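*Asks:* Dropping a prediction and its sequence here:
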Amino acid sequence: MMKSSAHLMRAMRNISKSLNYKNKRFYGAASQGDHIFRQLFDIRTFTYTYLIADKTSKDAVLIDPVLEQTDRDESILKQLGLNLIYAINTHVHADHVTGSGELKKRFRNCQSVISKASNAKADIHLENLNSLPFGSTALEARNTPGHTNGCMTFVWHDGEMAFTGDALLIRGCGRTDFQEGNSETLYNSVHSQILSLPKNWLLYPGHDYTGQSVTTVEEELINNPRLRQPIKDFVKFMEELKLPYPREIERALPLNMVCGLQ
Ligand SMILES: N[C@@H](CCC(=O)N[C@@H](CSS)C(=O)NCC(=O)O)C(=O)O
Ligand SMILES: [Fe+2]
């Protein structure tokens with residue numbers, strides 16, 4: 001009798017632990033706990049935009065908004081009664097135009113944010129390990145150069161996740177053949193700043209071209225065909241990638257230096 005009641009107690013504790021664990025996780029969308037989280041997709045450029053908000057203060061941030069999706073983003077923010085305070089870019093995008101400037105016009109408290117190293121225009125220029133507070137939470141900005149010199153990954157400690165921009169893609173990584181790209185630098189950035197996070201943390205990329213939406217540190221350490229290799233094999237692989245340039249590169253690069261506005 002004693003043995004079976006101790007067994008039952010242990011089982012109940014384990015169930016409750018696993019529920020707590022699950023409640024902390026966010027996948028495509030979540031609004032449990034203190035925060036709102038949405039992963040939004042632009043089908044034309046395969047770009048992910050992320051919305052995170054504090055439910056109490058209603059302060060919200062968007063990571064990597066796309067100009068052509070500004071109406072969508074405005075609707076979601078307004079429907080949820082959120083105040084957009086930061087429109088963040090992980091880097092100067094080469095394949096699409098950022099919505100940060102247009103969002104600033106529509107949300108008067110919104111400030112545009114990008115790394116100092118990008119040399120792009122913005123209200124806030126971040127340096128390594130700067131914190132971006134909103135409501136009762138914050139994003140930690142980490143320099144992760146290599147795809148471009150100014151790439152940043154945003155680590156959300158409270159959500160146990162990171163937004164990697166194009167530094168790390170699911171089972172891939174950003175190209176390194178333009179915008180001061182450098183394969184060795186990228187390899188070192190990803191390993192030291194992203195794949196060093198706890199193994200169960202979620203990683204959300206800036207794009208996915210294969211229909212996947214989220215990964216974890218552990219999955220990428222084991223399965224990323226590029227980044228699980230030794231650095232010299234990675235560098236050789238990237239040299240041989242030979243991808244065509246993004247279709248919109250000539251329009252996107254100059255516009256993204258000025259928040260996407262003419
Ligand atoms: N075909 C797309 C561009 C695809 C591309 O170059 N993607 C970049 C991220 S956007 S700068 C990349 O780094 N890709 C890595 C890879 O392995 O695919 C277009 O024409 O826009
Ligand atoms: Fe990029």
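*Replies:* Nice, thanks for sending it over. Ligands and ions are numbered 1, 2, ... in the order given.

*Asks:* what's the distance between Cys151 and Cys110?
*Replies:* 22 Å (Cβ to Cβ, to the nearest Å). To be clear about C-beta, it is placed using only N, CA and C from the backbone, and glycine gets the same treatment.

*Asks:* before we move on, what about Lys236?
*Replies:* Using Cβ to Cβ, one gets 43 Å for the distance from Lys236 to Cys110.

*Asks:* repeat for Ser131
*Replies:* In this view, Ser131 and Cys110 are 18 Å apart by Cβ to Cβ.

*Asks:* Kindly report the same for Gly101.
*Replies:* Between Gly101 and Cys110 the computed distance is 10 Å (Cβ to Cβ).

*Asks:* between Lys236 and Cys110, who's got more neighbours?
*Replies:* The neighbour count for Lys236 versus Cys110, taken as other Cβ atoms under 10 Å, is higher for Cys110 (22 against 11).

*Asks:* quick one, phi psi at that one?
*Replies:* Per-residue torsions, Cys110: phi -80, psi 130 (degrees, to the nearest 10).

*Asks:* contacting residues for it?
*Replies:* Counting by Cβ atoms under 8 Å, 6 or more residues apart in numbering, Cys110 touches Leu84, Ile85, Tyr86, Ala87, Leu103, Lys104.

*Asks:* ok, the residues you listed vs ligand 1, which is closest?
*Replies:* The closest of those to ligand 1 turns out to be Ala87 (Cβ to the nearest ligand atom; 18.4 Å).

*Asks:* is that closest one in a bridge, and if so with what?
*Replies:* Under DSSP bridges, the beta-bridge partners of Ala87 are Leu62, Ser112.

*Asks:* near ligand 1, which residues of the stretch 151-262 of the chain?
*Replies:* By Cβ under 6 Å from any ligand atom, the residues of the stretch 151-262 of the chain that approach ligand 1 are Asp166, Gly172, Gly174, Arg175, His207, Tyr209, Leu243, Pro246, Arg247.

*Asks:* What is the neighbour count of Ser112?
*Replies:* 25.

*Asks:* my bad, Arg44
*Replies:* 12.

*Asks:* show me the contacts for the closest residue to it other than its chain neighbours.
*Replies:* In space, Arg44 comes closest to Glu68 once its chain neighbours are excluded; the distance is 7.0 Å by Cβ to Cβ, 6 or more residues apart in numbering. Glu68 makes contact with Asp42, Arg44, His96, Val97, Gly99, according to Cβ under 8 Å, 6+ apart.

*Asks:* Give me the buried subset of those residues.
*Replies:* The neighbour count (16 or more other Cβ atoms under 10 Å) marks Asp42, His96, Val97, Gly99 as buried among the contacts of Glu68.

*Asks:* Could you report the distance from the second one to Gly146?
*Replies:* What that stands for is His96. For His96, the distance to Gly146 equals 20 Å [Cβ to Cβ].

*Asks:* got it, and the third one?
*Replies:* From Val97 across to Gly146, the span is 23 Å (Cβ to Cβ).

*Asks:* wait, what's in contact with Gln193?
*Replies:* Gln193 makes contacts with Arg142, Asn143, Thr144, Thr153, as judged by Cβ under 8 Å, 6+ apart.

*Asks:* right, and the secondary structure at it would be what?
*Replies:* Three-state call for Gln193 (DSSP: H, G, I helix; E, B strand; the rest coil): helix.

*Asks:* and the gap between it and ligand 1?
*Replies:* Distance of Gln193 to ligand 1, computed by Cβ to the nearest ligand atom, to the nearest Å: 17 Å.

*Asks:* any idea of the pLDDT on that residue?
*Replies:* If you check Gln193, the pLDDT there is 98.

*Asks:* can you pull the contacts of the spatially closest residue to it that is not a sequence neighbour?
*Replies:* Nearest in space to Gln193, with sequence neighbours left out and distances taken as Cβ to Cβ, 6+ apart, is Arg142 at 4.6 Å. With contact taken as Cβ under 8 Å, 6+ apart, Arg142 is in contact with Asn128, Leu129, Met152, Thr153, Phe154, Val155, Gln193, Ile194.

*Asks:* Alright, I will stop here.
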